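**Q** compute the structure for the input listed below.
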Amino acid sequence: MTESSNRTVEMRGSGHGLGVVCALTAGVWLGAAEAPTKLVNSGLSPYAISLCMVAGVFTARWTIPTLLKGTRYVFADLGRNKHLILNAILAGMLWAVANTLTVFAIRDVGLTIAFPLWNTNSLVGILWGRLLFGELKGASGRNVAKVLVGALAIVAAAVMLGFSTIHGDSGAHGGRALSGVLAATGASLLWGTMYIPYRKAYISGMNPLSFVTVFTIGELGTCFALVLALDGGTKAAVFHSPEIKHLLFWLFLGGFVWVIGDLCQQFATKYLGIGRAIPLSNTNQLWGLAWGALVFGEFGHANGAHRLLVVAGSVVMILGALAVSTAVANERENASTKQALERECVRYGLDHARVIEAYSGTEVQSELDSRGWWDYAILAAAAGVFVYLGLNAQVPPLAMNAAWLWTLGAVLLVSAAVCGLRLWKVTRFS
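**A** As a prediction, the model looks like this:
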């Protein structure tokens, strides 16, 4: 057995645990990222909110890979996987439309309700993972049962939460409840489908950090198109309103936070597969619930029955997601993944040994990991953007609980440190 094979075997033993850590961290950060979209209550349209957030996303998706691996590595990785560039742009377009729908959902039904509804994307991910990448093929009966029971629990929870939104005492959101449910459901379908290009990239040996740099082109372009087509064109308020500069910092920050969560989720998808990573990262429901209820007081006008139904639905959904995520792949299922990887290598003429190393996170460090002066210039420019926006920022006109805001902010930092250290020690962010 070669040294490369030894590294691959070793990584398989620790890959599931690493994926779980990444997915749980993704849940923490993705749960916090939607909080700035509460600014929709300040008068900005959902299209403007989404565009401003994606501008922050664009900034983060170029600076974080530059910080962790450097542009030499990123462009070399893209050069080896040119066939995936169009897929990455398409995935970015799906994300942008889904993100815009979530802003509509938050406006119409609130953060606490919208989160669990769009988290049914785990069902979509399980379906695509099985059909396209052989996930669960050859799995034990126990694992299949976990996935099926967990999926049914997620569906049941979504029905409970949707019912509570339409028929419960939802306060200011009651008149638009149905449109909010439909928006969150549409986001779920798009986000579940978005992971097809991601998974295809990973079994081709592409690094998530490289993939997202192209992904963001589809995001930003689509958000601009939505504003131009549906939000007033070049006369849209987002381009002319003097108030927008006071809100940009918070929306950029929301996009930046989202990217950290999304990157963790993509590393989880790489090491766990679609069907397992998405449900586990959907623990962001708990964190979204915490931000919505504790920081923004979304339960303030709800009656006891409404609160009970929301909490019960959230608990059922998380239990279902955890059931799916604990179905650890056995050797027969891993063989199906290996076959999918080999098909990609044959189809696109890829170096099989290199793809195996990249997929398992055991790539050897090279001169491509070094940084050029332009890398530091990119990082300085990104920092300068945030400093400029911060100097012009104003505290949003929203009622917030400061104690819980700082507490949940501390949880974000600790989770990122733990996950980042684990990824560095095991894979050097590969």
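**Q** low pLDDT regions in the stretch 251-400 of the chain?
**A** Within the stretch 251-400 of the chain, the segments meeting pLDDT under 70 span 300, 302, 363-369, 396-397.
**Q** now do 50
**A** Across the stretch 251-400 of the chain, nothing is flagged by pLDDT under 50.
**Q** so which residues of it form helices?
**A** In the stretch 251-400 of the chain, the helices defined using DSSP state H, counting those that start in this stretch lie at 274-281, 284-290, 304-325, 331-348, 352-360, 373-391.
**Q** residues in contact with the fourth one?
**A** Same thing as helix 331-348. Outside helix 331-348, the residues that touch it by CB atoms under 8 Å, 6 or more residues apart in numbering are 12, 83, 133-139, 143, 200, 203-204, 273, 329, 350-352, 355-356, 359. No exception for glycine: its C-beta is placed from N, CA and C like everyone else's.
**Q** gap between it and the chain center?
**A** 25 Å (CA atoms, centre = their mean, to the nearest Å).
**Q** ditto for the fifth one
**A** In terms of CA atoms, centre = their mean, the gap separating the centre of helix 352-360 from the centre of its chain is 24 Å.
**Q** which helix or strand contains Leu189?
**A** Per DSSP states H and E: Leu189 is located in helix 177-202.
**Q** report the angle between the axes of that helix and helix 331-348?
**A** Going by axes from the mean of the first three to the mean of the last three CA atoms, to 10 degrees, helix 177-202 is angled at 70 degrees with respect to helix 331-348.
**Q** start at 392, not 1
**A** Understood, numbering begins at 392; the last thing we discussed is helix 568-593.
**Q** so how far is the following helix or strand past helix 568-593 from its chain's centroid?
**A** Per DSSP H and E, the first helix or strand lying C-terminal to helix 568-593 is helix 599-621. Relative to the mean C-alpha coordinate of its chain, helix 599-621 is positioned 15 Å out (CA atoms, centre = their mean).
**Q** same check, this time on stretch 538-549
**A** 20 Å.
**Q** quick one: mean pLDDT for that stretch?
**A** Per-residue pLDDT over stretch 538-549 has a mean of 80.
**Q** for Val465, find the nearest of the helices of the stretch 642-791 of the chain.
**A** Nearest to Val465 among those is helix 764-782 (9.8 Å), distances taken as CB to CB.
**Q** just checking, what packs against that closest one?
**A** helix 437-459, helix 462-471, helix 635-663 (3 or more CB pairs under 8 Å, 6 or more residues apart in numbering; DSSP states H and E).
**Q** residues contacting the second one, please?
**A** Spelled out, that is helix 462-471. Contacts for helix 462-471 (CB under 8 Å, 6+ apart): 456-457, 476, 596-598, 600-601, 604-605, 741, 745, 758-763, 765-766, 769.
**Q** then that helix to CSV, C-alphas only?
**A** Output of helix 462-471 as CSV, limited to C-alpha atoms (Å, rounded to 0.1, in the frame of the first residue of the first chain):
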residue,chain,number,x,y,z
THR,A,462,-5.0,32.6,-5.2
ARG,A,463,-2.3,30.5,-6.8
TYR,A,464,-3.9,27.4,-5.3
VAL,A,465,-7.4,28.5,-6.2
PHE,A,466,-6.7,29.2,-9.9
ALA,A,467,-4.6,26.1,-10.3
ASP,A,468,-7.5,24.1,-8.9
LEU,A,469,-10.0,25.8,-11.3
GLY,A,470,-7.6,25.1,-14.2
ARG,A,471,-7.7,21.4,-13.4
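**Q** buried set for stretch 609-622?
**A** For stretch 609-622, a neighbour-count test (16 or more other CB atoms under 10 Å) marks Gly609, Glu610, Leu611, Thr613, Cys614, Leu617, Val618, Leu619, Asp622 as buried.
**Q** all helices of the stretch 392-541 of the chain, in order?
**A** 394-424, 437-459, 462-471, 476-500, 502-509, 512-524, 532-558.
**Q** most packed of those helices?
**A** The highest average neighbour count among the helices of the stretch 392-541 of the chain, using mean count of other CB atoms under 10 Å, belongs to helix 502-509 at a mean of 28.
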